[in-house]
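Give the three-dimensional model of this entry:
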Amino acid sequence: MPIKIPELLPAREILEKENIFVMNEDRAARQDIRPLNILILNLMPEKQREEAQLLRLLGNTPLQVNISFMRTATHESTHASHLHMEQFYTVFSKIRNKKYDGLIVTGAPVEKLSFEAVDYWHELEEIMEWSKASVTSTLYICWGAQAALYYHFGINKVLLPHKLSGVFSHTLADRTEKLLRGFDDVYFAPHSRYTDIDRAALARHPQVKLLSSSEEAGPFIMLANGGKQIMVTGHLEYDTGTLALEYERDTKKNINPDLPEHYFPGDDPARRPVNRWRSHAHLLFSNWLNYYVYQETPYRWE
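The predicted model follows:
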């Protein structure tokens with residue numbers, strides 16, 4: 001089944017070229033079914049790239065999904081055009097009285113700051129509090145996952161000695177959880193961050209369940225409150241070349257980044273990386289939509 005997105009959203013052309021079923025609003029209105037309403041709080045600087053990456057995964061299930069994008073009102077993006085943001089994004093004040101079946105909170109390039117030092121932190125706190133009663137399940141990604149662990153459970157982040165960047169192997173801690181249904185015993189996922197979770201605090205917390213981790217990259221997938229909150233510290237949604245683009249960007253900024261680990265063949269940046277995580281990216285998002293959104297959300301929100 002398709003995803004329904006705004007008619008003029010630039011990601012539409014990318015998805016249609018990949019034969020991903022995208023439905024226009026007129027056709028969606030004639031469907032006599034109850035679609036899932038998913039809200040995406042996109043905090044990534046490259047808005048359109050993140051849009052396409054997430055929509056590609058959300059559009060690959062048998063469910064009809066209506067997508068809405070939200071931005072922060074307290075921070076203005078400098079990497080996306082004002083026209084794009086005004087045309088396709090809403091703000092929290094306009095949707096706070098609505099109910100959503102699912103919410104996705106992306107990563108953000110603010111890991112080195114304390115949470116309270118982020119200029120939109122109080123707004124994000126309000127959104128996370130609202131989600132408890134107004135969203136069936138929220139999927140938090142990378143910095144979004146760290147923010148959720150801190151706000152909901154008091155688990156802080158710690159600064160790493162250098163950026164964690166690359167594609168790392170992961171194992172399963174609980175094969176019985178529905179979110180991991182179909183996952184291999186060992187699978188790969190990209191990470192790109194300067195911080196890690198306070199692992200001792202995570203291990204002590206009775207509400208947060210660790211589902212999967214990596215010896216090199218640490219805790220990866222966590223779940224709380226029966227799937228009301230799902231935290232993923234990496235970027236399974238990344239395209240094949242996203243880490244390469246980040247490495248090139250940081251190099252041009254004279255940040256002198258380390259080469260992403262286990263990513264370029266032969267550790268040669270001139271060689272095209274091989275995608276080793278695509279199937280598990282689709283599994284994660286389809287399992288989330290099916291088991292934690294579709295199976296749990298009410299047909300009519302009261």
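
Show me the helices in this structure, by range?
11-17, 25-29, 47-58, 82-88, 92-95, 121-134, 143-153, 199-204, 242-252, 278-287 (DSSP state H).

Out of the ones you listed, the one nearest residue 41 is which?
helix 121-134 (6.6 Å; Cβ to Cβ). Quick note: C-beta positions are derived from backbone N, CA and C, even for glycine.

elements contacting that closest one?
helix 92-95, strand 100-105, helix 143-153 (3 or more Cβ pairs under 8 Å, 6 or more residues apart in numbering; DSSP states H and E).

Could you tell me the least trusted of the helices of the chain?
When these are ranked by mean pLDDT, helix 25-29 comes last with a mean of 51.

Export the helices and strands packed on helix 121-134 as a markdown table, with columns for mean neighbour count.
Output for those, formatted as a markdown table (neighbours: other Cβ atoms under 10 Å):
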| stretch | mean neighbour count |
| --- | --- |
| helix 92-95 | 14 |
| strand 100-105 | 25 |
| helix 143-153 | 23 |
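
could these go into TSV alongside distance to residue 63?
Below are the helices and strands packed on helix 121-134 laid out as TSV (distance: least, Cβ to Cβ, whole Å):
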stretch	distance to residue 63
helix 92-95	21
strand 100-105	10
helix 143-153	23
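
closest to residue 55 out of those?
Nearest of the helices and strands packed on helix 121-134 (Cβ to Cβ): strand 100-105, 10.6 Å.

Run the chain-centre distance for the closest one.
10 Å (Cα atoms, centre = their mean, to the nearest Å).

ok so, going back, so for residue 300, which of the helices of the chain sits nearest?
Closest among these, once you apply Cβ to Cβ, is helix 121-134, at 14.2 Å.

ok so, going back, which among the helices and strands packed on helix 121-134 is found nearest to residue 62?
Across the helices and strands packed on helix 121-134, residue 62 has its closest neighbour in strand 100-105 (15.1 Å, Cβ to Cβ).

contacts for the closest one?
With contact meaning Cβ atoms under 8 Å, 6 or more residues apart in numbering, strand 100-105 is reached by 36-41, 43, 54, 68, 124, 127-128, 131, 134-141, 144, 147-148, 288-289, 292-294, 297.

Pull out the buried positions in stretch 188-207.
Buried residues in stretch 188-207, counted by 16 or more other Cβ atoms under 10 Å: 188-198, 201-202, 205.

Please tell me how far residue 144 sits from residue 174.
Separation of residue 144 from residue 174 (Cβ to Cβ, to the nearest Å): 22 Å.

Repeat that for residue 136.
From residue 136 to residue 174 the distance is 21 Å (Cβ to Cβ).

who has more neighbours, those two?
Using other Cβ atoms under 10 Å, the more surrounded residue of residue 136 and residue 174 is residue 136, with 22 against 13.

Count the neighbours of the closest residue to the more buried one other than its chain neighbours for me.
Nearest residue to residue 136, sequence neighbours excluded (Cβ to Cβ, 6 or more residues apart in numbering): residue 297, at 4.1 Å. Residue 297 has 19 neighbours, counted by other Cβ under 10 Å.

can I assume residue 297 is in contact with residue 36?
Yes. Residue 297 lies in contact with residue 36 (Cβ atoms under 8 Å); the separation is 7.0 Å.

ok so, going back, out of the helices and strands packed on helix 121-134, flag the one nearest residue 257.
Nearest of the helices and strands packed on helix 121-134 (Cβ to Cβ): helix 143-153, 17.6 Å.

Now find how far off-centre that closest one is within its chain.
On Cα atoms, centre = their mean, the centre of helix 143-153 falls 13 Å from the chain's centre.

swap in stretch 106-125?
The answer for stretch 106-125 is 15 Å, by Cα atoms, centre = their mean.

Export that stretch to CSV, keeping only CA atoms.
Output of stretch 106-125 as CSV, limited to C-alpha atoms (Å, rounded to 0.1, in the frame of the first residue of the first chain):
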residue,chain,number,x,y,z
THR,A,106,15.0,12.2,14.0
GLY,A,107,18.6,12.9,15.0
ALA,A,108,20.1,16.4,15.1
PRO,A,109,23.7,17.7,14.9
VAL,A,110,23.7,19.0,18.5
GLU,A,111,25.2,16.1,20.4
LYS,A,112,28.1,18.0,22.0
LEU,A,113,25.7,20.4,23.7
SER,A,114,23.9,19.5,26.9
PHE,A,115,20.3,18.9,26.3
GLU,A,116,19.3,22.1,28.1
ALA,A,117,21.7,24.2,26.0
VAL,A,118,19.8,23.2,22.7
ASP,A,119,17.8,26.2,21.7
TYR,A,120,14.6,24.2,21.0
TRP,A,121,15.0,21.8,24.0
HIS,A,122,11.9,23.1,25.9
GLU,A,123,9.8,22.9,22.8
LEU,A,124,11.0,19.3,22.3
GLU,A,125,10.2,18.5,26.0
